[in-house]
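[1] attaching a predicted model along with its sequence, questions to come.
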Amino acid sequence: MKKSVLYSIILFVSMVSSCRKEDPEPDCGCEGSTIKKIENARAVYYGSGLFSVVYESGDRYSYASMFACKIDSTWQKSSDPKVADYTISGNMKSVCFTGPTLIAQPSPLEITSIRKD
């Protein structure tokens, strides 16, 4: 009887110690590493943390939809979606893959500074 209890304890300890995560946590989303720094980019705010941003990318300009990792309730929707009325800087993060989709997913943006013009 003592041997079976001892074997049960050894089996339990070995099973618990062998459990580990097979898949590492993805390096994406707001908690992921920065893939691009955005400095003084012009942006339109649509509400719910969604921005349309124009930023310099080398010798050209790029356009992207980005959502703020932390939303501030004092931000106001842009009155004209064709006129950028915010200047923002921040750290763009990579999008977490959630499966095939027909629409482009906005990149997460950790905003370091924002100013309404």
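    Cool, got the structure.
[2] what residues of stretch 56-68 count as buried?
    Neighbour-count burial for stretch 56-68, counted by 16 or more other Cβ atoms under 10 Å, picks out Ala64, Ser65, Met66, Phe67, Ala68. For the C-beta atoms, the positions are set from N, CA and C on the backbone; glycine is no exception.
[3] again with stretch 39-49
    Ala41, Arg42, Ala43, Val44, Tyr45, Gly49.
[4] need the helix or strand of the protein with the lowest average pLDDT.
    The weakest-scoring helix or strand in the chain, judged by mean pLDDT, DSSP states H and E, is helix 2-18 (a mean of 59).
[5] chain center to the host helix or strand of Val53, what's the gap?
    According to DSSP states H and E, Val53 maps onto strand 50-57. How far strand 50-57 lies from its chain's middle: 15 Å, per Cα atoms, centre = their mean, to the nearest Å.
[6] partners of the residue lying closest to Arg115 once chain neighbours are set aside in the sheet?
    Sequence neighbours aside, Thr87 is the residue nearest to Arg115 in space, at 4.8 Å (criterion: Cβ to Cβ, 6 or more residues apart in numbering). Each beta-bridge partner of Thr87 is listed here: Arg42, Arg115, as defined by DSSP bridges.
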